[in-house]
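J.: Compute the structure for the input listed below.
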Amino acid sequence: MRTATISRKTSETSVDVTVNLDGTGAYAVSTGIGFFDHMLEQLSRHSLIDLTVKTVGDLHIDQHHTVEDTGLAIGEAVAKALGDKRGIRRYADALSPMDETLTRVAIDISGRPFLVWKTQFSQKRLGEMDTEMFEHWFHSFAQTAGVTLHVETLYGTNNHHIAEAAFKGLARALREAVEIDLRKADAIPSTKGTL
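T.: Numbers count the residues shown, from 1 in each chain. Predicted coordinates for the structure are as follows:
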């Protein structure tokens, strides 16, 4: 089983994350930010990665540390569970439609963290979540997961749909990228021999 547990403790947050890359999409998520919990549940359900997240953060200040540190911990857990990345498909992309919104997500589990974010919101908040924190979460995740990640909303007007399509698109791309390619299950998917 490709699993990992990460415990990240700072003076600002306490984050405990467990992932199972070969799961069924089971989740237990609690960050103190309802809309954020909803997005992480979508990530788990549609990637089939089992995800347990318990974050306690300094929400009396703002959401920045809670969202950032949760993204860092989830990314770190995914990277740890992947190990040497032997046999993975590595590359994947997904088109994620949600009613009037269409989002494209592409991922390369390259060991080279990078985020291209072409998504905008017309509202400052969704529920109690600051919309500017979505980009920051994806950036934090990409950094510690060691992935190149492109997220682009091709069109859409409903802010809830725009956010959810991004998380579901990541989920579908991640699901494919971490899968073992049975034709090359014993090989690192790089001509360098390492990722």
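J.: Could you use CA atoms for every contact and neighbour count after this?
T.: OK.
J.: What backbone torsions are found at Ile88?
T.: phi -70, psi 160 (degrees, to the nearest 10).
J.: who's it bridged to?
T.: Beta-bridge partners for Ile88, by DSSP bridges, are Ile180.
J.: This structure: helices as residue ranges?
T.: Counting by DSSP state H, the chain has helices at residues 34-47, 64-82, 132-145, 159-178.
J.: possible to save those as JSON lines with distance to Val105, mean neighbour count and mean pLDDT?
T.: Shown next, in JSON lines, are the helices of the chain (distance: least, Cα to Cα, whole Å; neighbours: other Cα atoms under 10 Å; pLDDT from 0 to 100):
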{"stretch": "helix 34-47", "distance to Val105": "13", "mean neighbour count": "21", "mean pLDDT": "98"}
{"stretch": "helix 64-82", "distance to Val105": "16", "mean neighbour count": "23", "mean pLDDT": "98"}
{"stretch": "helix 132-145", "distance to Val105": "11", "mean neighbour count": "22", "mean pLDDT": "98"}
{"stretch": "helix 159-178", "distance to Val105": "5", "mean neighbour count": "24", "mean pLDDT": "98"}
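J.: Go through the ones you listed and name the closest to Leu95.
T.: helix 159-178 (6.3 Å; Cα to Cα).
J.: Kindly spell out which helices and strands sit in contact with the closest one.
T.: helix 34-47, strand 91-98, strand 101-108, strand 148-155 (3 or more Cα pairs under 8 Å, 6 or more residues apart in numbering; DSSP states H and E).
J.: Check which residues of the last one are buried.
T.: Counting neighbours by 16 or more other Cα atoms under 10 Å, one finds that the buried residues in strand 148-155 are Thr148, Leu149, His150, Val151, Glu152, Thr153.
J.: List the contacts of the nearest residue to the first one once chain neighbours are set aside.
T.: The shortest distance from Thr148 to any residue that is not its chain neighbour, by Cα to Cα, 6 or more residues apart in numbering, is 4.5 Å, and that residue is Phe114. Taking Cα atoms under 8 Å, 6 or more residues apart in numbering as the criterion, Phe114 is in contact with His139, Ala142, Gln143, Gly146, Val147, Thr148, Leu149.
J.: Skip the chain neighbours and tell me the closest residue to Lys80.
T.: Ala4 (6.0 Å).
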